[in-house]
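> what would the 3D arrangement of this be:
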Amino acid sequence: MIKVYTIQNCEWCKKAKVWLQKNKISYQELDTTEVHQYREDLIFKTGQLAVPTFEVDNKTIIGFNEQLLRTSLRGA
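Residues are numbered from 1 along each chain as shown. Predicted coordinates for the structure are as follows:
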C-alpha cells in the first residue's frame, strides 16, 4: 500500500485519489489538514508541504505524475 499526503480542497489530490481508485491501487490517505503529525512528517521527509506527495516503497514522489507513479508501483 502507498501513502498519499493530501490537504482538503486540493484539486490535484482529488485527481490523484480518483486515479488510484480507478487503477485499483490501495492507498492510505494522510490528510495534513486534519492531523498535525502528518504535516510534521511531510516536512521532515521532504522539507516542504507540497501535496499530493506519495510514498511508494520508501520512495517519495512530490506531485501527481501518472507515469512516475506507474513506474514506481511496478518496482514496489
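
> how about the strands in the protein?
Applying DSSP state E to the chain gives strands spanning 2-6, 27-31, 53-56, 59-62.

> pairing partners for the last one, with directions?
Partners of strand 59-62 in the sheet, by DSSP bridges, are strand 53-56 (antiparallel).

> mean confidence for the strand it pairs with?
Taken as a whole, strand 53-56 has a mean pLDDT of 96.

> stretch 17-32 now?
When pLDDT is averaged over stretch 17-32, the result is 96.

> what's in contact with it?
Counting by Cβ atoms under 8 Å, 6 or more residues apart in numbering, stretch 17-32 makes contact with 1-8, 38-39, 41-42, 49, 51, 64, 66, 69, 73, all of which sit outside it. For the C-beta atoms, the positions are set from N, CA and C on the backbone; glycine is no exception.

> one more time with 6 Å
Around stretch 17-32, the neighbours that count as contacts under Cβ atoms under 6 Å, 6 or more residues apart in numbering are 1-7, 38-39, 42.

> out of these, which one has the lowest pLDDT?
Among these, residue 1 has the lowest pLDDT, at 83.
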